[in-house]
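Q: coordinates only, no sequence provided:
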Ligand SMILES: Cc1cc2nc3c(=O)[nH]c(=O)nc-3n(C[C@H](O)[C@H](O)[C@H](O)COP(=O)(O)OP(=O)(O)OC[C@H]3O[C@@H](n4cnc5c(N)ncnc54)[C@H](O)[C@@H]3O)c2cc1C
Ligand code: SF4
């Protein structure tokens, strides 16, 4: 028999950026909030021995324990979905702060175009730019509506940036802190891309350029450019994460607590309301019921979708009929790019998670696609995140991958290669979706989430075009030899690509095709909110968390309104 | 100030700068303190590698996983072909890579304790990744047995006794799936062997590979340094004496 806990006003499932933001805003407003987190407590004090590539970057010490739960994957509906037995393509978070502990910290806003992509594409290129197999749609919210929430997230994080991008949406205020230091490698990229007519600027960064106190009174320290940032926690408290910003804010209200080792297995409901959640203590296997007036799913793209599916809330998407909203519009990203080989040694081992420069001239609809066989695009960037020796063994394609020649070339090139890379938007396709697996279960007996995903022609064309552009930049930068990224074929779950998974629980103006409204409130259950990159109708050519953070503030706003007046907010 | 702080231990550094205590620190202060390499005595030199040569390669450092020295030697020789000794410096054996792999096989890595290992198991598409019920510990033992068998079969000798070119032939056939292995494709085992070799070469010496940080020195990677804030904007390349994570424990 499950033990029933005291009721709270708000329960969040998972405590990463989204869970932290919702908790901070609701606790400040006087609501009793509880976070249920299946991982452990952790923070800056645990990171004093973090500069360990093997433990953290290769063996994924801070990330999800897949022995308890994973997903299954297949490229097409014709294949048998099989478990992703090891982490690879994307790295799921676990523990206090979620993936916000070990992220790089690049903080972007999406383009105004992203939110109204369907309308704007039809208007500029006519109705059949993309075939009807692509489920392109507007998001049910505009950039201008979301802007105040972007502003709030950036101030909470203390983003270090420069307002120099001619393609960006309007900003209501400056970046809270100045951009990071410009290393010689970035200057090289800046000069070249300017010469080519592009408009480079510094990546807006959550590795702070200077010490900063945010509006909630949390202090974030200045980044030391230690080179162990991506996949690591920051030993200096210099990378904005939930643990150094929103979670202390929530805790000091006295209205917030977190239960650790709490794996949520079901959303409980009665009629058209949810009543709380059921969770299992991962150490004792005991079951608990946590009653709450409002339930907020903040457990990342995958688990948010899975909980709705196993709790039978909403209609599962069916690729045959196109009906159902839950699970549709799953998207990922593509990595066009080029690697340049140089003669001189460079300090490639130094850096910071978000240290870099980029331009958006070939992103979104910032260039004319009339004669191109794809829409959207990618940023092109040069980052200096700190190259690590186990994982960085660049050799030209005519060099073997092991043996004497490999050893020499990989050692030689470790400090002599620079990559110009992108993050390209992938567009939603009717065959790409999330559902429940019928065979495999997690440690608690709940079915695994299943991912059916492949790259589509639109993706391949975009990748090819942007890769060619990256080659041009790399050559102009003075590389003695440049190699293009291999063309993409089928999506492969093995090599790391990006933790920028999106879709499955999309937002929108129409309950037929979206899971939540533009306050991230579930269409079928007024007191259930679902927030994260799962709300994106498509992916963009940049990192997601700026938009995820903005949506979490939007969601908190919705929760507070709902708490006062109830009912549907739209 | 600069002179006085030169040998600051890590703990002292954290204390002085207030970071450990969670108090506020400005970038300027941190920058002022950490532009110095702590004395290299910070890091205890690892034990001698045993010369790196193949014949005097010592196997008495302590095996946690392998019970049979012959198996361990096959592993050692295979890793040395993947990452051989040359004029740049030691190869896998001289770097202690076989010990690294042995020790890893005895722990979480070998038992796949953080991976989803529930059945049923089906052979999947290459894009679906690892789909074998074998743990890495089992895969390594099977793979080693296969390398030994192939050497016996093809050259009538032990793997450790055949010529380098002959070892390479077997490794190449493994890589190209030309050898049958129970429970998995041989290319999958080869991939694992290759990545474990590189991990052992370049991981921090606390894991018993990368002896003397010699692989880092070859690559000009400085290991663990607290900060590059004072160098990140410099034009010239920085050759910095590497430091191990073990210097962070005090
Ligand atoms: C290596 C890496 C680098 C990245 N770099 C960037 C970057 O530079 N810029 C950027 O914008 N984004 C980046 N990201 C992505 C970014 O980290 C995520 O977008 C963001 O952290 C997502 O926040 P979230 O709150 O939605 O989910 P998460 O941070 O994943 O938090 C979800 C939490 O829910 C918990 N949880 C899940 N299921 C359950 C359950 N059933 N019961 C209880 N708890 C549960 C998890 O343990 C986790 O703690 C990066 C990600 C990775 C892995
Ligand atoms: S690069 Fe900067 S923000 Fe990242 S971990 Fe190092 S000090 Fe922290």
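A: Thanks, I have it. Owing to the predicted nature of the structure, the values given are computational and were not obtained by experimental measurement. Residues are numbered from 1 along each chain as shown, chains lettered A, B, ... in the order given. Ligands and ions are numbered 1, 2, ... in the order given.

Q: check contacts around residue A:339.
A: A:394, A:417, A:418, A:419, A:474, A:482, A:483, A:485 (Cβ atoms under 8 Å, 6 or more residues apart in numbering or on different chains). No exception for glycine: its C-beta is placed from N, CA and C like everyone else's.

Q: and the fourth one, that's in a strand?
A: Yes - judged by DSSP: H, G, I helix; E, B strand; the rest coil, residue A:419 forms part of a strand.

Q: picking that back up, which of the contacts of residue A:339 lies closest to residue A:376?
A: Checking the contacts of residue A:339 against residue A:376 by Cβ to Cβ gives residue A:485 as the nearest, at 17.8 Å.

Q: now the helix ranked longest in chain B: average pLDDT?
A: Assignment by DSSP state H gives helix B:136-155 as the longest helix of chain B. When pLDDT is averaged over helix B:136-155, the result is 98.

Q: same for it, what does it pack against?
A: Applying 3 or more Cβ pairs under 8 Å, 6 or more residues apart in numbering or on different chains; DSSP states H and E, one finds that helix B:136-155 makes contact with helix B:69-82, helix B:97-105, helix B:108-111, helix B:164-175, strand B:180-181, helix B:186-202.

Q: ok, and for that helix, which residues are buried?
A: B:136-144, B:146-148, B:150-151, B:155 (16 or more other Cβ atoms under 10 Å in any protein chain shown).

Q: nearest to residue A:309, of the residues you listed?
A: residue B:136 (32.4 Å).

Q: doesn't residue B:108 make contact with that closest one?
A: No - between residue B:136 and residue B:108 there is no contact under Cβ atoms under 8 Å: 9.7 Å.

Q: which residues of the stretch 51-200 of chain A lie near chain B?
A: A:51-54, A:58-60, A:65-67, A:69-70, A:73-75, A:79-80, A:82-86, A:88, A:181-184 (Cβ under 8 Å from any Cβ of the partner chain).

Q: stretch B:159-169 near chain A anywhere?
A: Yes - against chain A, stretch B:159-169 shows contacts by Cβ under 8 Å from any Cβ at residue B:168.

Q: mind listing what's buried in that stretch?
A: Taking 16+ other Cβ under 10 Å as the criterion, stretch B:159-169 shows B:159, B:160, B:162, B:166, B:167, B:168, B:169 as buried.

Q: how much space between the fifth one and residue B:196?
A: If I follow you right, that is residue B:167. 17 Å (Cβ to Cβ, to the nearest Å).

Q: the second one too?
A: Computed as Cβ to Cβ, the residue B:160 to residue B:196 distance reads 19 Å.

Q: also residue A:531?
A: Counting by Cβ to Cβ, the gap from residue A:531 to residue B:196 is 40 Å.

Q: more neighbours, these two?
A: residue A:531 (33 against 24; other Cβ atoms under 10 Å in any protein chain shown).

Q: before we move on, the earlier item: emit the ChimeraX select command for whichever of the residues of the stretch 51-200 of chain A next to chain B are buried.
A: Only the buried entries of these go into this ChimeraX selection, using 16+ other Cβ under 10 Å:
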select /A:51,52,53,54,58,59,60,65,66,67,69,70,73,74,75,82,83,84,85,86,88,181,182,183
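
Q: the residues of the stretch 51-200 of chain A next to chain B in helices, which ones?
A: Going by DSSP H, the helices hold residue A:184 from those.

Q: who's in contact with residue 214?
A: You didn't pick a chain, so chain A it is. A:155, A:156, A:157, A:158, A:176, A:220, A:245.

Q: switch to chain B, please.
A: Residue B:214 sits in contact with B:49, B:89, B:90, B:94, B:95, where contact means Cβ under 8 Å, 6+ apart.

Q: one more: residue A:533?
A: Contacts of residue A:533 by Cβ under 8 Å, 6+ apart are A:300, A:301, A:500, A:501, A:502, A:503, A:544, A:547, A:548.

Q: what does residue A:172 give?
A: Counting by Cβ under 8 Å, 6+ apart, residue A:172 has contacts A:147, A:148, A:151.

Q: avg pLDDT for the host helix or strand of the first one?
A: The reference is to residue A:147. Here residue A:147 is covered by helix A:143-157, with elements defined by DSSP states H and E. Averaging pLDDT along helix A:143-157 yields 98.

Q: again, but for stretch B:99-114
A: In this model, stretch B:99-114 has an average pLDDT of 97.

Q: got a PyMOL select line for the buried ones in the contacts of residue A:172?
A: In PyMOL, a selection of the buried entries from the contacts of residue A:172 looks like this (16+ other Cβ under 10 Å):
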select buried, chain A and resi 147+151
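
Q: so what's the residue count around the closest residue in space to residue B:63 that isn't next to it in sequence?
A: Spatial nearest neighbour of residue B:63, excluding adjacent residues (Cβ to Cβ, 6 or more residues apart in numbering or on different chains): residue B:102 at 5.2 Å. Residues near residue B:102, counting by other Cβ under 10 Å, number 25.

Q: next one: the one 5 residues further on
A: For residue B:107, the number of neighbouring residues by other Cβ under 10 Å comes to 13.

Q: likewise residue A:370?
A: Going by other Cβ under 10 Å, the residues that sit close to residue A:370 add up to 8.

Q: torsion angles phi and psi at it?
A: Recorded main-chain torsions at residue A:370 are phi -50, psi -40, according to degrees, to the nearest 10.

Q: please name the nearest non-neighbouring residue to it.
A: Residue A:370 sits nearest to residue A:125 (Cβ to Cβ, 6+ apart), 6.5 Å away.

Q: then residue B:204?
A: What sits nearest to residue B:204 in space, not counting adjacent residues and going by Cβ to Cβ, 6+ apart, is residue B:245, at 4.6 Å.

Q: where does that neighbour land on pLDDT?
A: So, for residue B:245, pLDDT stands at 93.

Q: need the contact list for it.
A: So residue B:245 contacts A:49, A:51, A:52, B:204, B:206, B:223, B:224 (Cβ under 8 Å, 6+ apart).

Q: in what helix or strand does residue A:303 lie?
A: Applying DSSP H and E, one finds residue A:303 within helix A:300-310.

Q: near chain B, anything from that helix?
A: No - using Cβ under 8 Å from any Cβ, helix A:300-310 stays clear of chain B, coming no nearer than 13.5 Å.

Q: and that helix, what does it pack against?
A: Helix A:300-310 packs on strand A:8-13, strand A:262-270, strand A:287-297, strand A:433-441, strand A:447-452, going by 3+ Cβ pairs under 8 Å, 6+ apart.

Q: let me have the ones you listed in CSV, extended by mean neighbour count, distance to residue A:489 and mean pLDDT.
A: Shown next, in CSV, are the helices and strands packed on helix A:300-310 (neighbours: other Cβ atoms under 10 Å in any protein chain shown; distance: least, Cβ to Cβ, whole Å; pLDDT from 0 to 100):
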stretch, mean neighbour count, distance to residue A:489, mean pLDDT
strand A:8-13, 26, 36, 98
strand A:262-270, 19, 36, 98
strand A:287-297, 23, 34, 98
strand A:433-441, 19, 20, 98
strand A:447-452, 23, 17, 98
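
Q: would you turn these into CSV with distance to chain B?
A: Formatted as CSV, the helices and strands packed on helix A:300-310 follow (distance: least, Cβ to the nearest Cβ, whole Å):
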stretch, distance to chain B
strand A:8-13, 21
strand A:262-270, 15
strand A:287-297, 21
strand A:433-441, 7
strand A:447-452, 9
